[in-house]
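*Asks:* Here is the input, now give the coordinates:
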Amino acid sequence: MLKEFKSFIMTGNVIDFAVAVIMATALGLVINGFVTDMIMPIVGHFAGGMDFAQLKVVLDPAVMGADGAVETPENAIMWGKWINSIINLIIVGFVMFLMVKAYNKTKAPEPEAAPAGPSDNDLLTEIRDALKK
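*Replies:* Have a look, this model is predicted:
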């Protein structure tokens, strides 16, 4: 069983897949940083300087003690963070679309298939007709 597992792990497909997962994770971090640090401030600027992450519906406010320490933290629905996630998804999807589109342009076009010749039946029919003559 150990030999089978070693054989499975050492196949090219598994290693290629592992490299792809690692690269996708790194690319995801880069894209997420770009969206969070570069694009979202622009979106917030055009939305009137609003930071969507701070938008929330408070269900239970925080309870503060006499010394100013939080005894019970605030319970809130952070719907602004959800809006940020949706905007991030749209931007990341658009960036990935542009990347795939650019990649597809770099690929060489596939050569056109050679025109199909006569079928076996057509060749046999021609041979039969030629032999009859």
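*Asks:* And whichever strand or helix holds Ile86, what's buried?
*Replies:* Using DSSP states H and E, Ile86 maps to helix 79-106. For helix 79-106, burial by neighbour count (16 or more other Cβ atoms under 10 Å) applies to Gly80, Asn84, Ile87, Asn88, Ile91, Val92, Val95. C-beta: built from backbone N, CA, C; applies to glycine.
*Asks:* What is the nearest of these to Gly48?
*Replies:* Gly80 (13.7 Å; Cβ to Cβ).
*Asks:* So that closest one is in contact with Ala53, correct?
*Replies:* Yes. Counting by Cβ atoms under 8 Å, Ala53 is a contact partner of Gly80 at 5.2 Å.
*Asks:* list the buried ones in stretch 107-122?
*Replies:* Counting neighbours by 16+ other Cβ under 10 Å, stretch 107-122 gives no buried residue.
*Asks:* Just the terminal-to-terminal distance for that stretch.
*Replies:* Across stretch 107-122, the terminal residues are separated by 38 Å (Cα to Cα, to the nearest Å).
*Asks:* Kindly report the same for stretch 29-38.
*Replies:* Terminal-residue distance, stretch 29-38 (Cα to Cα): 13 Å.
*Asks:* Please, where are all the strands along this protein?
*Replies:* 57-60, 63-64, 70-72, 75-77 (DSSP state E).
*Asks:* most tightly surrounded among the ones you listed?
*Replies:* strand 75-77 (a mean of 12; mean count of other Cβ atoms under 10 Å).
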